[in-house]
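Asks: sequence plus the predicted model coming up.
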Amino acid sequence: HVDRPLDGITVLDFSQFLAGPVAAMRLADLGARVIKIERPGTGDIGRTLAFAGSVADEETVSFHAMNRNKEGMTADLKNPADLDRVKDLIAHADVIVQNFRPGVMERIGLDYESVRELNPRLVYASATGYGNDGPWKDRPGQDLLAQSLSGLPWLSGSGHQGPVPVGLSIADHLTSCHIAQGVTALLLRRARTGKGGLVETSLLEAMLDLQFEMLSVHLNDPSVTVERGGDRSGHAFLAAPYGTYPTADGFIALAMNPLPKLGELLGIDPLLEFTEDDAWSKREEAEELLAAHLATKPTQDWLDVLDAADVWCAPVLTLEELVAHDGFASIDMVQQVERDASLTRSGEPMALKTTRGPLRVDGHPLTSDIASPKLGQHDAALREEFGWGSEA
């Protein structure tokens with residue numbers, strides 16, 4: 001049994017789609033009680049916005065994956081009786097997570113300045129697309145759009161290509177990490193001072209933080225700019241051989257390595273003459289020499305040679321190769337969440353595999369088998385717990 005660090009903390013999750021819900025889920029993994037508050041009838045847009053079109057028991061698999069381990073409550077925030085219930089919950093809660101566009105919570109009267117009068121110990125976490133001010137504040141807070149405004153797509157791919165976005169919701173995902181960290185830090189401060197607080201971030205700030213090395217260098221030396229390499233290059237700011245190379249049966253990744261050492265180990269004589277400066281100035285030439293040679297044998301043959309010499313390298317696994325690999329099994333990232341037959345449309349129990357939280361506490365991975373809530377699943381139980389009337 002693991003003593004979860006946020007045991008006893010109650011979180012109200014007003015957020016939808018990805019950044020906010022995943023932040024709240026991270027807090028649930030750490031032991032918090034999370035109550036997800038959704039509009040009646042439709043709920044979180046993520047219930048129907050399907051990753052790869054994949055659905056389980058009428059909700060998207062991605063919704064299940066990011067809302068596991070939560071209770072579910074419905075409330076129409078424009079309905080005075082529902083709003084009163086929500087305010088009662090806020091008076092009892094420790095944390096609010098919300099990711100509405102700037103101004104929405106103010107109009108409802110649930111912004112930080114308003115709710116801290118109900119509960120001065122409340123920790124309030126707010127995530128937006130691009131902050132509360134400035135020319136972008138009303139733009140849609142969506143992952144690809146945030147990546148694009150931040151310039152991130154110019155860092156992947158080769159100089160022969162247009163912008164290449166990261167093929168996952170990296171802005172949302174990193175924002176969720178920052179919200180969870182901020183909430184945890186403010187809870188620690190509250191333990192010291194007795195006062196709550198407001199923590200804010202945005203998709204844009206998460207994307208700029210991701211680029212901190214490049215921005216720090218460029219801000220001090222504007223001549224440093226993005227110049228992507230050839231088709232094999234893995235980094236606009238690192239010299240050859242840094243990148244991925246085709247082999248006879250797949251791909252191999254090479255990190256920072258002196259080119260003459262690789263020339264010697266792999267039997268590529270022209271690389272023996274390459275200096276450190278050449279690794280930059282003749283980056284594409286070096287990459288093509290490596291690519292032509294590595295394509296002649298299977299990945300494992302090259303790994304046998306390079307691993308023995310302690311060269312920084314790895315096979316580039318496909319999705320199917322990853323999940324079939326012993327390395328994937330040994331890190332134990334898969335857990336199963338379950339929904340009781342009484343709650344499913346089919347009347348059969350639902351079991352769904354998903355990933356666990358990436359932290360281990362006191363040697364224990366933080367797993368949970370509690371599935372995401374059906375819309376309004378815990379309305380009756382919460383009414384009873386908090387003594388609310390049953391009027392609509």
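Replies: Cool, the structure landed. Remember, it's a predicted structure, so these values are computed and weren't measured experimentally.
Asks: please make it C-alpha for all contacts and neighbour counts, starting now.
Replies: Will do.
Asks: quick check: residue 135 is in a strand.
Replies: No. With DSSP: H, G, I helix; E, B strand; the rest coil as the criterion, residue 135 is coil rather than part of a strand.
Asks: what about it, distance to residue 149?
Replies: Residue 135 sits 12 Å away from residue 149, taking C-alpha to C-alpha, to the nearest Å as the criterion.
Asks: which one of the two has more residues nearby?
Replies: Each of residue 135 and residue 149 had its neighbours counted (other C-alpha atoms under 10 Å), and the higher figure belongs to residue 149 (14 against 9).
Asks: excluding chain neighbours, what is closest to the more buried one?
Replies: The shortest distance from residue 149 to any residue that is not its chain neighbour, by C-alpha to C-alpha, 6 or more residues apart in numbering, is 7.8 Å, and that residue is residue 204.
Asks: same check, this time on residue 218
Replies: Nearest residue to residue 218 in three dimensions, chain neighbours excluded: residue 224, at 5.3 Å (C-alpha to C-alpha, 6+ apart).
Asks: element containing the one you found, please.
Replies: With elements delineated by DSSP states H and E, residue 224 resides in a region that no helix or strand encompasses.
Asks: for residue 236, see how far away it is.
Replies: From residue 224 over to residue 236 the distance is 11 Å, taken as C-alpha to C-alpha.
Asks: about what we covered before: any idea how many residues pack against the residue nearest to residue 149?
Replies: When neighbours are counted by other C-alpha under 10 Å, residue 204 registers 25.
Asks: that's a strand at it, yeah?
Replies: No. Under three-state DSSP, residue 204 falls outside any strand and is assigned helix.
Asks: tell me the contacts of it?
Replies: In this structure, residue 204 makes contact with 129, 130, 131, 146, 147, 149, 150, 171, judged by C-alpha atoms under 8 Å, 6 or more residues apart in numbering.
Asks: in a markdown table: the residues you listed, plus distance to residue 329.
Replies: What follows is the contacts of residue 204, written out as a markdown table (distance: C-alpha to C-alpha, whole Å):
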| residue | distance to residue 329 |
| --- | --- |
| 129 | 36 |
| 130 | 38 |
| 131 | 40 |
| 146 | 34 |
| 147 | 32 |
| 149 | 37 |
| 150 | 36 |
| 171 | 28 |
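Asks: would you say residue 310 is within a strand?
Replies: No. Assigned with three-state DSSP, residue 310 falls outside any strand and is coil.
Asks: quick check: it vs residue 147, distance?
Replies: Summarising the geometry, the distance separating residue 310 from residue 147, computed by C-alpha to C-alpha, is 35 Å.
Asks: looking at those two, which one has more neighbours?
Replies: Under the criterion of other C-alpha under 10 Å, the comparison of residue 310 against residue 147 puts residue 147 first, with 23 against 8.
Asks: who are the contact partners of the more buried one?
Replies: With contacts defined as C-alpha under 8 Å, 6+ apart, the neighbours of residue 147 are 153, 165, 171, 204, 207.
Asks: among those residues, which two are most distant?
Replies: Put simply, by C-alpha to C-alpha the two of those set farthest apart are 165 and 204, 14.6 Å from each other.
Asks: for the residue nearest the centre of the chain, which non-adjacent residue is closest in space?
Replies: Computing the C-alpha centroid of the chain and ranking residues by C-alpha atoms, centre = their mean puts residue 173 first, at 2.0 Å. In this structure, residue 173 finds its nearest non-sequential neighbour in residue 19, 5.9 Å apart by C-alpha to C-alpha, 6+ apart.
Asks: what sits against the one you found?
Replies: Contact partners of residue 19, counting by C-alpha under 8 Å, 6+ apart, are 99, 127, 172, 173, 174, 175, 176.
Asks: switch the cut-off to 6 Å
Replies: 172, 173, 175, 176 (C-alpha atoms under 6 Å, 6 or more residues apart in numbering).
Asks: pLDDT wise, what is it at?
Replies: You'll see residue 19 listed with a pLDDT of 97.
Asks: then residue 102?
Replies: The confidence metric pLDDT takes the value 89 at residue 102.
Asks: where does the stretch 51-200 of the chain dip in pLDDT?
Replies: Counting by pLDDT under 70, the stretch 51-200 of the chain contains no low-confidence residues.
Asks: mind checking the end-to-end distance for stretch 347-358?
Replies: Length of stretch 347-358, first residue to last, C-alpha to C-alpha: 32 Å.
Asks: buried ones in it, by neighbour count?
Replies: Applying a neighbour-count criterion of 16 or more other C-alpha atoms under 10 Å, the buried positions in stretch 347-358 are 350, 354, 356, 357.
Asks: just stretch 217-230 next, same as before
Replies: For stretch 217-230, by 16+ other C-alpha under 10 Å, it's 228, 229, 230.
Asks: next one: stretch 117-129
Replies: Within stretch 117-129, the residues scored as buried using 16+ other C-alpha under 10 Å are 119, 120, 121, 122, 123, 124, 125, 126, 127, 128, 129.
Asks: any idea whether residue 2 is helix, strand or coil?
Replies: At residue 2 the chain is in coil, as set by three-state DSSP.
Asks: what's the local residue count around it?
Replies: Considering only other C-alpha under 10 Å, residue 2 is surrounded by 14 other residues.
Asks: repeat that for the one 4 residues further on.
Replies: Counted with other C-alpha under 10 Å, residues neighbouring residue 6 total 16.
Asks: and the gap between it and residue 295?
Replies: Going from residue 6 to residue 295 by C-alpha to C-alpha gives 51 Å.
Asks: give me the domain ranges for this structure.
Replies: According to automatic domain parsing, the chain comprises the domains 10-210+328-386, 251-315.
Asks: just name the most buried of these.
Replies: Of all the domains of the chain, domain 10-210+328-386 carries the top mean neighbour count, a mean of 18, counting by mean count of other C-alpha atoms under 10 Å.
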